[in-house]
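Colleague: dropping a prediction and its sequence here:
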Amino acid sequence: MTTATWDPGQYLRYGDERGRPFVDLVSRITSEACTVVDLGCGPGQLTPVLRARWPQARITGLDSSPEMIARAEEQNTDPLTEYAVADAADWSPEGPVDVLVSNAMLQWVPGHADLLLPWTEHIAPGGALAFQVPGNFAAPSHRLLWETAARPAYSRFTQDLGPRAAVLDPADYLALLSRPGWTVDAWETTYLHVLPGEDPVFEWISGTGARPVLQALPDEVRGEFEAEYKAALREAYPRQDVGTVLPFRRIFVVAHRTNL
């Protein structure tokens, strides 16, 4: 199975749009915190959101991508913030955590729902587990990606990519995490991102969901694949006077542990 790498520059091309759900998520966390862990922190561009919310907390940003962590460390000037490479599937803290937050990362972890209850055992009384995941895997952007990848010219390179990113519905997360001692808030929002430029939906998804496919294709066929995929995206997301509108569904969960 091919392991795709991350390009921080491509990911940050739409940094403001990608960051808005994180701001909305953090705004719903009522816990005060001395320790904050960000699982899947990426290049650290959203750490200032955490710092503004918890000015005195020790913040630890973790990501499985060495490229992302290198970018985060390069720009870090905060003595109370540290970054490290870590796999969320194997993560376990040395002590209780006040706030554990994850932004658009869990969809990449197979069986991530099985990790959530064990993670709550590490949350200190009065603390919170909060995460946001994309809920758009049935959208044209993803459907067309895999339909194109399944064509004979490309399928021999993409058929062994492994499980695709996947998430549950908000009600499923609510049912999973709701139990005595916890209050759970789960909801969904569809953002309408207005994107400028040529082939903006391709530029967006090539920094995230399309990475495994694009990196699995050899140079001699990637250009042809991109041309076919871009054409399909332009038809599915036609440019309007205001730009290209990309509807993007997001799923949010904030679980607070009662202070007992």
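Modeller: Great, that's in hand. Residues are numbered from 1 along each chain as shown.
Colleague: residue 131 is in what secondary structure piece?
Modeller: strand 123-134 (DSSP states H and E).
Colleague: report the angle between the helix or strand just after that strand and strand 123-134.
Modeller: Next helix or strand after strand 123-134 toward the C-terminus (DSSP H and E): helix 140-149. Interaxial angle of helix 140-149 relative to strand 123-134 (axes from the mean of the first three to the mean of the last three C-alpha atoms, to 10 degrees): 70 degrees.
Colleague: what about the helices in the chain?
Modeller: Per DSSP state H, the chain carries helices over the ranges 8-11, 15-26, 47-53, 66-75, 113-120, 140-149, 152-158, 170-177, 200-206, 211-216, 219-236.
Colleague: which of the ones you listed is buried the deepest?
Modeller: Per-stretch averages of neighbours, counted by mean count of other C-beta atoms under 10 Å, single out helix 200-206 among the helices of the chain, with a mean of 21. Bear in mind the C-beta positions are built from the backbone N, C-alpha and C, glycine included.
Colleague: average pLDDT for that one?
Modeller: In this model, helix 200-206 has a mean pLDDT of 92.
Colleague: dump the C-alpha coordinates for that helix into PDB.
Modeller: Provided in PDB are the C-alpha atoms of helix 200-206 (Å, rounded to 0.1, in the frame of the first residue of the first chain):
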ATOM      1  CA  PRO A 200      -9.700  25.700  -8.000                       C
ATOM      2  CA  VAL A 201     -11.600  22.500  -6.900                       C
ATOM      3  CA  PHE A 202      -8.700  20.400  -8.300                       C
ATOM      4  CA  GLU A 203      -6.200  22.700  -6.500                       C
ATOM      5  CA  TRP A 204      -8.100  22.300  -3.300                       C
ATOM      6  CA  ILE A 205      -8.500  18.500  -3.400                       C
ATOM      7  CA  SER A 206      -5.000  17.900  -4.700                       C
END
